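Undergrad: Compute the structure for the input listed below.
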Amino acid sequence: MFGLVVLAGAALYLGLMFVTVRFAWRQGLASGGARRKAFCYAAVAFLIVYLPVFWDHIPTLAVHRYHCAKDAGFTAYVEAKNWHAENAKAVAMVNRLPSREREGAGQAVRTSDGFDRYAVFGGLVHADYRSVQVGWEGLPVWRSEHRISDAHTGETLAKAVDYSSGYGTTEGLRWWLRRSSCVTSRLTAVGETNKPVEPQHILHLYKRNLLGEKS
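TA: Below is the predicted model of the structure:
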């Protein structure tokens, strides 16, 4: 039923677009102008119908693409196998803990730079997450950053940056703005097959290698 309502709304909108543009075209010709003048009339009519609904379409996609090209992707600052080797005894001790204590998480703590921080893997590792709106004010483009750090030294081991766009459930019908991820193919740090994967998924694979977890 909901799908029929959406289709009916789209049909009405396209019909309004067609009628308005056609009327403007004819008015341009009737005013004694050439086809160029009629085209200008039709273009203005198109924008009058188009912009109230789609004004942020092209700007949102442009901002999303710009930021994806700028810094989206996965970055490993420390090789997972090297960290695992340096902390082998601590990792072995944590692996003997009950699964609930080993996996951890608990209540998030807000860091000074705005991340929600969770203590995981028996407190050996911090998993941080932050999501902020970027680009021009009013455009629904979001930067999400996941990072993993050594809880003892504070050193950042790896991070994943991604961008999404679109509104939440309050404006869910505006599907044309939705982009869930930049999608990247940079997987060399974890030695996986080269195929498009979202950065946070790569970070998850890195974490499994970091802690010696089996698939």
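
Undergrad: Give me the secondary structure label for residue 109.
TA: Following DSSP: H, G, I helix; E, B strand; the rest coil, the label given to residue 109 is strand.

Undergrad: if I look at it, how far off is residue 10?
TA: Residue 109 sits 46 Å away from residue 10, going by Cβ to Cβ, to the nearest Å. Every C-beta, even on glycine, is put in place using the N, C-alpha and C of the backbone.

Undergrad: what do you get for residue 203?
TA: Counting by Cβ to Cβ, the gap from residue 203 to residue 10 is 38 Å.

Undergrad: Please say which of those two ends up with more neighbours.
TA: Neighbour count, other Cβ atoms under 10 Å: between residue 203 and residue 10, residue 203 has more, with 26 against 11.

Undergrad: Wait, a helix at that one?
TA: Yes: the assignment for residue 203 by three-state DSSP puts it in a helix.

Undergrad: quick one, what contacts it?
TA: 74, 146, 148, 158, 159, 160 (Cβ atoms under 8 Å, 6 or more residues apart in numbering).

Undergrad: Try it again at 6 Å.
TA: Applying Cβ atoms under 6 Å, 6 or more residues apart in numbering, we find residue 203 in contact with 74, 146, 160.

Undergrad: can you give me the helices for the chain?
TA: 2-30, 35-54, 57-71, 80-86, 88-95, 99-103, 199-210 (DSSP state H).

Undergrad: Bridged to the most centrally placed residue in the chain, which residues?
TA: Centroid-nearest residue in the chain, with Cα atoms, centre = their mean: residue 164, separated by 2.3 Å. Beta-bridge partners recorded for residue 164 (DSSP bridges): residue 142.

Undergrad: Renumber starting at 9 from here on
TA: Okay, using 9 as the starting number, the last item reads as residue 172.

Undergrad: Do I have it right that it meets residue 150?
TA: Yes: in this structure, residue 172 is within contact of residue 150 by Cβ atoms under 6 Å, at 5.1 Å.

Undergrad: shared neighbours of those two, which are they?
TA: Counting by Cβ under 6 Å, 6+ apart, nothing touches both residue 172 and residue 150.

Undergrad: correct me, but residue 214 touches residue 168?
TA: No: in this structure, residue 214 is not within contact of residue 168 by Cβ under 6 Å, at 8.5 Å.

Undergrad: Buried residues in stretch 28-40, which are they?
TA: 28, 29, 32, 33, 36 (16 or more other Cβ atoms under 10 Å).

Undergrad: contact partners of that stretch?
TA: Outside stretch 28-40, the residues touching it (Cβ under 6 Å, 6+ apart) are 45, 46, 49, 50, 53, 54, 57.

Undergrad: number of nearby residues for the third one?
TA: It refers to residue 49. Considering only other Cβ under 10 Å, residue 49 is surrounded by 20 other residues.

Undergrad: what's the nearest residue to it if we skip its chain neighbours?
TA: residue 36 (3.5 Å; Cβ to Cβ, 6 or more residues apart in numbering).

Undergrad: ok, now residue 32?
TA: residue 53 (3.5 Å).
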